[in-house]
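Q: Okay, structure incoming, though there's no sequence with it:
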């Protein structure tokens, strides 16, 4: 990494650190981009080069793990189902490693409707990216029902449930232990799947 890239990484980290301090102390809505720029000791125009809006600063810690890249990497040597499980467990470890910051961000999102809406956009984009990856691996169209349900199960059911259970425990339960438990319940068929009665 060159000098310019190193400086950019440091500036980005400083922006995030100062913004989170301001959000925590003053509240998300009361904190302006100009205040963040001042705290990070940069010009407002420099701040806008890194982040176009305040909600993108707030959400940045939640997008630090690249689920799609992890699945792709594991899928080189593993069946798709196992690659998905490995990526989910890596995500859980990442969440545990960054627990304090992620819990703070999640609590702040509750106060910020715009950031909450943007988070759903990010979740939707992740689901679409996973659709594309699974379609490629399964040799099916992106809109095939198997692909769509599989992607939604990973993003919303498994990751979403593990994240919410972990957050509800305020981080006292490890994300990895919850993710392992969720995956085990699926493996042992303890998750109820709606089933129509057979008509004889």
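A: All right, it came through fine. Values in this document were obtained by computation on a predicted structure and should not be read as measured data. Residues are numbered from 1 along each chain as shown.
Q: Show the average pLDDT along stretch 95-110.
A: Mean pLDDT, computed over stretch 95-110, is 93.
Q: Buried ones in that stretch, by neighbour count?
A: 95-96, 98-99, 101-102, 104-106, 108-109 (16 or more other C-beta atoms under 10 Å). For the C-beta atoms, the positions are set from N, CA and C on the backbone; glycine is no exception.
Q: Closest one of those to residue 118?
A: Nearest to residue 118 among the buried residues of stretch 95-110 is residue 109, at 9.2 Å by C-beta to C-beta.
Q: Please tell me how far the closest one sits from residue 193.
A: 31 Å (C-beta to C-beta, to the nearest Å).
Q: again, but for residue 98
A: 33 Å.
Q: now swap in residue 6 and tell me
A: 50 Å.
Q: neighbour-wise, which of these two wins?
A: residue 6 (10 against 6; other C-beta atoms under 10 Å).
Q: so how far is residue 12 from that one?
A: 11 Å.
Q: likewise residue 185?
A: 38 Å.
Q: Could you do residue 33 as well?
A: 15 Å.
Q: Check the burial of the nearest residue to residue 42 once chain neighbours are set aside by counting its neighbours.
A: Among residues not flanking residue 42 along the chain, residue 11 sits closest, at 6.6 Å (C-beta to C-beta, 6 or more residues apart in numbering). Look at residue 11: counted by other C-beta under 10 Å, it has 17 neighbours.
Q: what about residue 11, helix or strand, and which?
A: Assessed by DSSP states H and E, residue 11 sits inside helix 3-26.
Q: Give the buried residues for the next helix or strand after that helix.
A: Elements were assigned by DSSP H and E; along the chain past helix 3-26, the next helix or strand is helix 33-40. Neighbour-count burial for helix 33-40 flags 33, 35-37, 39-40 (criterion: 16+ other C-beta under 10 Å).
Q: any idea how far residue 105 lies from residue 16?
A: Counting by C-beta to C-beta, the gap from residue 105 to residue 16 is 10 Å.
Q: list residues touching both of these two?
A: residue 61 (C-beta atoms under 8 Å, 6 or more residues apart in numbering).
Q: show me where this protein has helices.
A: 3-26, 33-40, 44-50, 54-59, 67-75, 80-97, 99-109, 113-138, 145-152, 160-168, 175-187 (DSSP state H).
Q: now the ones you listed as CSV including distance to residue 197?
A: CSV is the format used below for those (distance: least, C-beta to C-beta, whole Å):
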stretch, distance to residue 197
helix 3-26, 52
helix 33-40, 58
helix 44-50, 57
helix 54-59, 44
helix 67-75, 36
helix 80-97, 29
helix 99-109, 41
helix 113-138, 30
helix 145-152, 21
helix 160-168, 27
helix 175-187, 23
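Q: just the ones you listed: most buried one?
A: helix 54-59 (a mean of 22; mean count of other C-beta atoms under 10 Å).
Q: Contacts made by it with the rest, please.
A: By C-beta under 8 Å, 6+ apart, helix 54-59 touches 15-16, 19, 23, 28, 31-33, 36, 51, 105, 108-109, 112, 114-115, 118-119, 122.
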